[in-house]
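[1] Just the structure for this:
(one chain, ligands or ions: 1)
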Amino acid sequence: MGAPRLTVALTVDHDAISDAVRRGDPPVKISHGEFGSRVGIKRILALLGSRAIPATFFVPGHTLTTFTDDTEAIVAGGHELACHGWFHEDFAELGVDQTREVLGRSVEAVRAVTGAAPTGFRAPYWSLGPQTLELVEAAGFVYDSSLMADDYDLYRVRRGDRHSMPDGTQWGAPGKLVEVPVYWAMDDWPHFEPGPGRPGLSAPSAVLEIWTEELAYAHEHAQGGLVMITVHPECIGRGHRMAMLERFIEAAVALDGVVFERLDAIVDRWAVANS
Ligand SMILES: [Zn+2]
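    Numbering: from 1, shown residues only. As a prediction, this is how the structure comes out:
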């Protein structure tokens, strides 16, 4: 079966308080993450359910095991559970043994819920060490979603790239791991959440313009392509931003030949076509 004219992947990083716990953050920061479980994810699941849209949820192990009602609701909604660290670790800071331990524990936590190993991994902060993705592949994952070398097309992650001075770059060979690329402009967080180097709190109309222009361009120029959206319940879950997400979905539905799919389904189809 051929690819749809355009596929939209809604991906939800359900970080909740996992990173705040790891950092020992104060109460307000904890409450910011708690909003994601208490309010945000319920609104997202209701919106997806009302339109029968399947999505992929990247859930840190801490969220998975702390907010078990959310985990059950995600699975009951027909959505995909994928891994996103345990305490939302920065994988660039982890050694090989720590990486293996976090990946292994995360896989088992998902397996305990769904009965099957997850196929997808996304690095928190999209932050990877030089060996992280080799370890992700070795842990049995089928795809990663943390890199941005492409936009509307998937690709295989290379292993063994070497970049050094003064020799320059020697490319490695593609491995098995499939990359489903991401980008900051298509992520709610850099637009809305204040932080170092960014003002945050953007008007939703500005973000809607970026997302719908991306949608229109891909629809026109990337037959069979993918538009990847990343959202966080504690961020997109605020009312004015949920209204924007709803408008974005309406814009996608209004285009000819657009479907919404989970990443595991998109990767399966791509792997068959590119084997
Ligand atoms: Zn995250």
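
[2] Going by C-alpha atoms from here, please, whenever you check contacts or count neighbours.
    Fine.

[3] what about the strands in the stretch 51-200 of the chain?
    With DSSP state E, counting those that start in this stretch, the ranges of strands along the stretch 51-200 of the chain come out as 56-59, 80-83, 120-121, 143-144, 155-159, 162-164, 168-170, 173-179.

[4] Need the residues that contact stretch 159-170.
    The contact list for stretch 159-170 (CA atoms under 8 Å, 6 or more residues apart in numbering) reads Glu134, Trp171, Gly172, Ala173, Pro174, Gly175.

[5] quick one: contacts for Gly85?
    Listed by CA under 8 Å, 6+ apart, the contact set of Gly85 reads Val59, Pro60, Gly61, Val102, Leu103, Ser106, Ala123, Pro124.

[6] List the residues that contact the second one.
    Which is Pro60. His14, Asp15, Ser18, Cys83, His84, Gly85, Trp86, Phe87, His88, Ser106.

[7] quick one: the nearest residue to Glu93 once chain neighbours are set aside from His84, how far?
    Among residues not flanking Glu93 along the chain, Gly129 sits closest, at 7.1 Å (CA to CA, 6 or more residues apart in numbering). From Gly129 across to His84, the span is 15 Å (CA to CA, to the nearest Å).

[8] between those two, who's got more neighbours?
    His84 (29 against 16; other CA atoms under 10 Å).

[9] contacting residues around the more buried one?
    Asp13, Phe58, Val59, Pro60, Gly61, Ser106, Phe121, Arg122, Ala123, Pro124.

[10] and the last one, what is it in contact with?
    Contacts were defined as CA under 8 Å, 6+ apart; by that measure Pro124 touches His84, Gly85, His88, Glu89, Asp90, Phe91.

[11] How about Asp19?
    Phe87, His88, Glu89 are the contacts of Asp19 under CA under 8 Å, 6+ apart.

[12] Can you read off the pLDDT for it?
    What the model reports for Asp19 is a pLDDT of 97.

[13] Show me what counts as buried in the host helix or strand of it.
    Secondary structure assignment for Asp19, by DSSP states H and E: helix 18-23. Residues Ser18, Asp19, Ala20, Val21 are the ones in helix 18-23 that count as buried (16 or more other CA atoms under 10 Å).

[14] got it, and stretch 149-161?
    Going by 16+ other CA under 10 Å, stretch 149-161 has these buried residues: Asp151, Tyr152, Leu154, Tyr155, Arg156, Val157, Arg158, Arg159.

[15] again with stretch 192-204
    For stretch 192-204, by 16+ other CA under 10 Å, it's Phe192, Glu193, Pro204.

[16] now do the same end-to-end measure for it.
    8 Å.

[17] What strands flank the helix or strand of the chain with the lowest mean pLDDT, and is each parallel or antiparallel?
    Lowest on mean pLDDT, DSSP states H and E among the helices and strands of the chain sits strand 162-164, with a mean of 92. Strand 162-164 has its sheet partners listed here by DSSP bridges as strand 168-170 (antiparallel).

[18] for the stretch 1-150 of the chain, what are the low-confidence residue spans?
    Residues of the stretch 1-150 of the chain meeting the criterion pLDDT under 70: 1.

[19] hmm, 80 instead?
    1-2 (pLDDT under 80).

[20] Quick check, pLDDT for the residue of the chain most remote from its centre.
    Distance to the chain centre peaks in the chain at Pro166, reaching 35.5 Å (criterion: CA atoms, centre = their mean). Looking at Pro166, its pLDDT is 93.
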